[in-house]
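A.B. asks: need a 3D model of the sequence below.
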Amino acid sequence: MRIMKNKKLCTILALTLLLSSTMNVYAKTIDELYVSDLNNNEITVKGSGFTPNSTIALFIAQKDVDLSSVTEQELNNGYFQFITVDSEGNYTHKFQFDGSTDTYKAYIGQEGILLPAVDSYNEFQLVSITDLNTVVSNIANNITLKDDIYDSIKDFGVIFDINFSEFAVNTFVIDEINTMIDSARSEIRDGGIHKLKEKLELVKNRRELLDSLSKATLVVEVANLLGTDSYNEKYELDLSSYSALKSGKDIVCQGLIASYDKYDDFIIKLNELVNSQTNTPPTDSSSSQSGIKGGGGGGSVYSQYTSNMVTQPVIPKNEAVFNDVTNEHWAFDAINYLKNKNIVSGYNGFFNPQNNVTREELMKMIVIAFNLDTNNNDSQFSDLDKNHWAYPYVSTAFKNNIAKGIGDNKFGVGLFATREDIALFIYRALKNRGDDMTSAETSFTDKDQISEYAYEAVAYLNSKKIINGYEDGSFKPKRFCTRAEVAKILYSILEGEVT
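C.D. replies: Numbers count the residues shown, from 1 in each chain. All right, here's what the predicted structure looks like:
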């Protein structure tokens, strides 16, 4: 079959292909269709599964075209060409498309029928290079206002390899695109479409970074995302301070595991964590979500890292309640009681009741509350130096089988304890004390989410009303506890409410 260049004859052939009753079923029609040369708006289409050395017809038309009555104008608005298949039944065809920006459908014809292309290529978007150049020019020359940038480019996703429909549901992403492109107008004026694509690719990469951080559970996952160089080109991220850290990179990575609305929020958190490791070792708790595998006896521990730290907890000289705990606070009695018993000491006169409790803080509270001997107890955790203020408490808890590490010979210093792990630690302390640990069940609606190693502990403490669930009947075992909440739990035990 010879290639026919006359558009009218091509139209007649297309109609003949459509109306013929001869049918042929293909394994595949189009495997790939993409923009291969942005400057010339060149399209590459590839396919396989055809009769070797045969001739096929490729027809691309606007999606609303009625193939039973294709007009020459509709043919001119699209693309029609014969293609020769190679000896293995495959083809690759490149062509320049100068039609208007619109949604199109692809069809393949062979042996008397014109079939829609399979999969995602049945309907796709093609872009007019003229339309795109106009948009880019308007951005580069400040004709398009900042808040209108996203709307002006959202129809060109196929060129930029971006699914703008996914971005449209997130106003933060739209704002980031508008801000990024607005600040790069002079670069776009010099670099044109390619520079605009480069900036949009950066936004896309950064959003993928935030998404990966929200899903990560291991320190190594975050470390791999950041890389080992002082500058990450993919995210245009300066990591010189992070790279210069001699220790504490794992703590920084743990702290970065969280959900971020904006890329700027991630940068702020990164700087806070790096600065905290540069200035002081971690001992107190603040607010950066993270997670790692391991646990107090199996399963997973989802922990959180702190950023406001001191080298040593300070015991206030006065016996009044802490500066940030007034008699109107719901846990005032519990916190004041524990302070007077020297079970809690605070930080420079503040208790920080709303902060999540770290694993080492919890060990100190439990060890003192249960009057355990801290003398001559050793532990070999790699993240706990013997000079650390919490060393005797962690070592004592370890010796008494109250708490174990999180894996990799680490205790988990600076990590927040989950509700189920807190229950486990306290349960073991009660058992060591000689309490009658009667088996119990729990009716928490999410009890199937409680790790197997902690289930008995949670059920027992719940039966004794030491711990309670939420209004919806759930326990939320992977959530963290505040320092005030832990104080209330220990207070109820020490006041003799456990029977």
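A.B. asks: can you give me the strands for the protein?
C.D. replies: Assigned by DSSP state E, the chain shows strands spanning 32-37, 42-47, 55-62, 79-84, 91-96, 102-109, 114-116, 124-126, 231-232, 237-238, 288-289, 292-293, 300-301, 304-305.
A.B. asks: winner for burial among those?
C.D. replies: strand 304-305 (a mean of 26; mean count of other Cβ atoms under 10 Å). Where C-beta positions appear, they are placed from N, C-alpha and C, glycine not excepted.
A.B. asks: nearest to residue 441, of the strands of the chain?
C.D. replies: Of all the strands of the chain, strand 300-301 sits nearest to residue 441, with 22.8 Å by Cβ to Cβ.
A.B. asks: hang on, the earlier thing: dump the strands of the chain to CSV, plus mean pLDDT and distance to residue 357.
C.D. replies: What follows is the strands of the chain, written out as CSV (pLDDT from 0 to 100; distance: least, Cβ to Cβ, whole Å):
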stretch, mean pLDDT, distance to residue 357
strand 32-37, 78, 53
strand 42-47, 86, 58
strand 55-62, 84, 63
strand 79-84, 86, 66
strand 91-96, 90, 62
strand 102-109, 80, 55
strand 114-116, 57, 61
strand 124-126, 71, 53
strand 231-232, 90, 34
strand 237-238, 90, 32
strand 288-289, 30, 15
strand 292-293, 26, 17
strand 300-301, 29, 14
strand 304-305, 33, 10
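A.B. asks: what is the longest helix anywhere in the chain packed up against?
C.D. replies: The residue-count maximum for a helix in the chain (DSSP state H) belongs to helix 185-215. Helix 185-215 sits against helix 129-140, helix 157-160, helix 171-183, helix 219-226, helix 263-279, with contacts defined as 3 or more Cβ pairs under 8 Å, 6 or more residues apart in numbering; DSSP states H and E.
A.B. asks: returning to that earlier point: and of the strands of the chain, who's closest to residue 425?
C.D. replies: strand 300-301 (11.8 Å).
A.B. asks: on that earlier part again, of the helices and strands packed on helix 185-215, which is nearest residue 406?
C.D. replies: Closest approach to residue 406 among the helices and strands packed on helix 185-215 (Cβ to Cβ): helix 219-226, 10.5 Å.
A.B. asks: quick one, which of the helices and strands packed on helix 185-215 gets closest to residue 487.
C.D. replies: The closest of the helices and strands packed on helix 185-215 to residue 487 is helix 263-279. By Cβ to Cβ, the value is 24.7 Å.
A.B. asks: what helices or strands is the closest one leaning on?
C.D. replies: Contact here means 3+ Cβ pairs under 8 Å, 6+ apart; on that basis helix 263-279 packs against helix 185-215, helix 240-243, helix 249-256, strand 288-289.
A.B. asks: point out the most buried one among these.
C.D. replies: Comparing those by mean neighbour count (mean count of other Cβ under 10 Å), helix 249-256 ranks first with a mean of 25.
A.B. asks: elements contacting it?
C.D. replies: helix 219-226, helix 263-279, strand 304-305.
A.B. asks: for residue 129, which non-adjacent residue is closest in space?
C.D. replies: Distances taken as Cβ to Cβ, 6 or more residues apart in numbering place residue 41 nearest to residue 129, at 4.0 Å, with adjacent residues excluded.
A.B. asks: in this structure, where is pLDDT below threshold?
C.D. replies: Along the chain, the parts satisfying pLDDT under 70 run over 1-28, 38-39, 110-122, 169, 278-320, 496-499.
A.B. asks: so what are the domain limits for it?
C.D. replies: Per automatic domain parsing, the domain ranges recorded for the chain read 7-126, 129-213, 217-277, 288-494.
A.B. asks: next one: the third one to chain centre, how far?
C.D. replies: So the one you mean is domain 217-277. Computed by Cα atoms, centre = their mean, to the nearest Å, the chain-centroid distance of domain 217-277 equals 14 Å.
A.B. asks: quick check: the residue nearest to residue 222 when sequence neighbours are not counted vs residue 368, distance?
C.D. replies: Nearest non-adjacent residue to residue 222, counting by Cβ to Cβ, 6+ apart: residue 253, 3.8 Å away. The spacing between residue 253 and residue 368, counted by Cβ to Cβ, to the nearest Å, is 32 Å.
A.B. asks: picking that back up, how far off helix 249-256 does the longest helix of the chain point, in degrees?
C.D. replies: Orientation of helix 185-215 against helix 249-256 (axes from the mean of the first three to the mean of the last three Cα atoms, to 10 degrees) gives an angle of 90 degrees.
A.B. asks: now do helix 185-215 against helix 219-226, angle only.
C.D. replies: Using the same axes, to 10 degrees: helix 185-215 against helix 219-226 is 170 degrees.
A.B. asks: what angle do helix 185-215 and helix 263-279 make?
C.D. replies: 70 degrees.
A.B. asks: residue 47: what's its closest spatial neighbour, skipping adjacent residues?
C.D. replies: Nearest residue to residue 47, sequence neighbours excluded (Cβ to Cβ, 6+ apart): residue 30, at 4.9 Å.
A.B. asks: do residue 331 as well
C.D. replies: residue 484 (4.1 Å).
A.B. asks: cool, residue 40 as well?
C.D. replies: In space, residue 40 comes closest to residue 96 once its chain neighbours are excluded; the distance is 5.8 Å by Cβ to Cβ, 6+ apart.
A.B. asks: from memory the one you found sits against residue 36, does it?
C.D. replies: No. Counting by Cβ atoms under 8 Å, residue 36 is not a contact partner of residue 96; they are 10.4 Å apart.
A.B. asks: hey, what's in contact with both of the two?
C.D. replies: Residues touching both residue 96 and residue 36 by Cβ atoms under 8 Å, 6 or more residues apart in numbering: 42, 43.
A.B. asks: state the distance from residue 211 to residue 266.
C.D. replies: 11 Å.
A.B. asks: cool, and residue 425?
C.D. replies: Relative to residue 266, and taking Cβ to Cβ, residue 425 is found at 32 Å.
A.B. asks: between those two, tell me which one has more neighbours.
C.D. replies: Using other Cβ atoms under 10 Å as the criterion, residue 425 and residue 266 rank with residue 425 on top: 24 against 19.
A.B. asks: now the helices and strands packed on helix 263-279 as a markdown table including distance to residue 431?
C.D. replies: What follows is those, written out as a markdown table (distance: least, Cβ to Cβ, whole Å):
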| stretch | distance to residue 431 |
| --- | --- |
| helix 185-215 | 37 |
| helix 240-243 | 43 |
| helix 249-256 | 30 |
| strand 288-289 | 31 |
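A.B. asks: do you know which of the ones you listed lies nearest residue 327?
C.D. replies: strand 288-289 (31.2 Å).
A.B. asks: with only the CA atoms kept, save stretch 83-91 in PDB.
C.D. replies: Extracted in PDB, the C-alpha atoms of stretch 83-91 (Å, rounded to 0.1, in the frame of the first residue of the first chain):
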ATOM      1  CA  ILE A  83       3.300   4.100   8.800                       C
ATOM      2  CA  THR A  84       5.400   1.100   7.800                       C
ATOM      3  CA  VAL A  85       5.700  -1.600  10.500                       C
ATOM      4  CA  ASP A  86       9.100  -3.200  10.900                       C
ATOM      5  CA  SER A  87       9.900  -6.900  10.600                       C
ATOM      6  CA  GLU A  88       9.100  -7.500  14.300                       C
ATOM      7  CA  GLY A  89       5.700  -5.900  14.100                       C
ATOM      8  CA  ASN A  90       6.800  -2.600  15.800                       C
ATOM      9  CA  TYR A  91       6.800   1.000  14.600                       C
END
